[in-house]
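Q: got a predicted model here, sequence first, then my questions.
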Amino acid sequence: MIFVTVGAQIPFDRLIRVVDQWAAHNGRDDVFAQIGEGAWCPEYIEWTAMLSPIDFRERMREADIIVAHAGTGSIFSALELGKPILVMPRRAVLNETRNEHQLATVQRFCASRNVSVAMDESELLERLEHLQELALTERIGPYASKQLLMKLQAFFNDVQEVSDASVETTGMISVIVPAHNEETVIVQCLESLLNGAPPSELEIIVSCNGCTDKTAKIARGFGAPVRVLETDKPSKIVALNAGDEVACSDLRFYIDADVVIGFNSIRQMAVALERGDGLVAYPEVHINFKATSWLVWAYYKVWTQLPYNRTGVGTGVYALSREGRKRFSVFPDVIADDGFVRALFQADERIRVKGAYSTVRPPANLWSLIKTNTRSRLGGYQLLELFPDMPVLDAKSFREILGFLMKSPLLWLCMPVYVFVNWFTRLRARKQHKSVKQFHWERDESRRVKTHSE
């Protein structure tokens, strides 16, 4: 199959016309083109105006040969997949682009045996007539080499001393996303992580565990820097350890698939850890109450205001510095991985990074909230049983909490809900802890259902 692409920004009718005429003359029915929003449409080849990133990557993967404009994204995607590629540059003098940057691109690749270049329509037609002579390209890696990164870092250090954390470099960051049947939320999670992220600075490992849906396929569709692992056993701990085994960086982030956090927040947390502010870091948490009941809102209205929740309680995201990750070898087989990690560090070793935000969706209804909190409490009981000498739970003074709430009259109306949920989930968790040897994971599906606005 021949895949033709002109990129997502502007059409390139000159290229598409030549390919369409060539296909008609040679009776080729194996050509598919992404043509952009142009005024002219092909008559003989199959085409579409636009493709989603996932569909684009799949077309690239399935293609035998790629024909494209001289965009670096198309070229590097082909080289990464080891696909023969034929390119023709857009020309600014023909109003096909803003400047002649694609001429500079093809001049750079003219000497390369991995990319075939046609400078105009006649050369393109000639190259198409000899497609069988295009050699399979040598694959390139998804990341920049260490030598290039070192040279770039040295260059920028010579230009200016960067003090702003928003542009401070931290090197490679490894993000591990354990995922079990997360096809409804994985796209939003990965898109937020990748938005604005230099490929050389971020490695995302989606560790699929026991998935029976399209989670793995969707994640693979993103391409580099996303990597996908698959294990048969539905276990978050197995997924975390599998991700740790292949992660390239000692700076580790662990992010639930139903959490949304942007790259700028990831970088801010990484900078804080590299600076030595702490050994484990959490973002500030924004809770998206859309499509949740009033009872759930009332519970979280109290929960988010409690003092001990402002000092390092993770909600689906935590990051470990190089030194912090040395506190343990592998994740033990526990319910609450975040509780285990939190208990390894003193309060002054845990930091919540101001300006770094994650967005989570709470359970949609009271019963889902009860199941979620039961699991959390059961995880705490398990940790106390397995690690009796470990300070699993932060000390909470009821008098301190009550005194804090008395200063906030607006929370009084919400208190009955908060007290009931705490009492009932504690009762339920203790009963389960005594009666069952093996914990049955009560997964909250309510926040994995897409709303109409998404």
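A: Done, it's in.
Q: the nearest residue in space to Leu366 that is not next to it in sequence: neighbouring residues, count only.
A: The spatially closest residue to Leu366, leaving aside those adjacent along the chain, is Leu295, at 4.6 Å (Cβ to Cβ, 6 or more residues apart in numbering). C-beta: built from backbone N, CA, C; applies to glycine. Residues contacting Leu295 under the criterion other Cβ atoms under 10 Å number 16.
Q: ditto for the one 4 residues further on
A: As a burial measure, the neighbour count of Tyr299 was computed by other Cβ under 10 Å and equals 26.
Q: CA atoms of the strand or helix carrying it as PDB?
A: According to DSSP states H and E, Tyr299 maps onto helix 294-303. Backbone C-alpha positions of helix 294-303 (Å, rounded to 0.1, in the frame of the first residue of the first chain) are rendered in PDB as follows:
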ATOM      1  CA  TRP A 294     -24.200  16.500  45.300                       C
ATOM      2  CA  LEU A 295     -23.300  14.000  48.000                       C
ATOM      3  CA  VAL A 296     -19.900  13.300  46.400                       C
ATOM      4  CA  TRP A 297     -19.300  17.000  46.000                       C
ATOM      5  CA  ALA A 298     -20.100  17.500  49.700                       C
ATOM      6  CA  TYR A 299     -17.700  14.800  50.800                       C
ATOM      7  CA  TYR A 300     -14.800  16.200  48.700                       C
ATOM      8  CA  LYS A 301     -15.600  19.700  49.800                       C
ATOM      9  CA  VAL A 302     -14.500  18.700  53.300                       C
ATOM     10  CA  TRP A 303     -11.800  16.200  52.300                       C
END
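Q: what does the next helix or strand after it rub up against?
A: Once the chain leaves helix 294-303, the next helix or strand it forms, by DSSP H and E, is strand 317-320. Identification of contacts with strand 317-320 by Cβ atoms under 8 Å, 6 or more residues apart in numbering yields 251-256, 259, 261, 266, 269-270, 273, 279-283, 327, 338, 341-342, 358.
Q: who does strand 317-320 pair up with?
A: strand 252-255 (antiparallel), strand 280-287 (antiparallel) (DSSP bridges).
Q: tell me the angle the last one makes with helix 294-303.
A: Right, the one you point to is strand 280-287. On the basis of axes from the mean of the first three to the mean of the last three Cα atoms, to 10 degrees, strand 280-287 is oriented at 140 degrees to helix 294-303.
Q: mind listing what's buried along strand 280-287?
A: 280-283, 285, 287 (16 or more other Cβ atoms under 10 Å).
Q: likewise for stretch 60-79?
A: For stretch 60-79, a neighbour-count test (16+ other Cβ under 10 Å) marks 60, 63, 65-71, 74-75, 77-79 as buried.
Q: also stretch 416-429?
A: 417-418, 421, 425, 428-429.
Q: please export the C-alpha coordinates of that stretch as PDB.
A: Extracted as PDB, the C-alpha positions of stretch 416-429 are listed here (Å, rounded to 0.1, in the frame of the first residue of the first chain):
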ATOM      1  CA  PRO A 416     -22.700  14.700  57.800                       C
ATOM      2  CA  VAL A 417     -21.800  13.300  54.400                       C
ATOM      3  CA  TYR A 418     -18.100  13.200  55.200                       C
ATOM      4  CA  VAL A 419     -18.700  11.600  58.600                       C
ATOM      5  CA  PHE A 420     -21.100   8.900  57.200                       C
ATOM      6  CA  VAL A 421     -18.700   7.900  54.400                       C
ATOM      7  CA  ASN A 422     -15.800   7.700  56.700                       C
ATOM      8  CA  TRP A 423     -17.700   5.600  59.300                       C
ATOM      9  CA  PHE A 424     -19.400   3.300  56.700                       C
ATOM     10  CA  THR A 425     -16.200   2.600  54.700                       C
ATOM     11  CA  ARG A 426     -14.200   1.900  57.800                       C
ATOM     12  CA  LEU A 427     -16.800  -0.600  58.900                       C
ATOM     13  CA  ARG A 428     -17.000  -2.200  55.500                       C
ATOM     14  CA  ALA A 429     -13.200  -2.300  55.100                       C
END
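Q: perfect, I'm done here.
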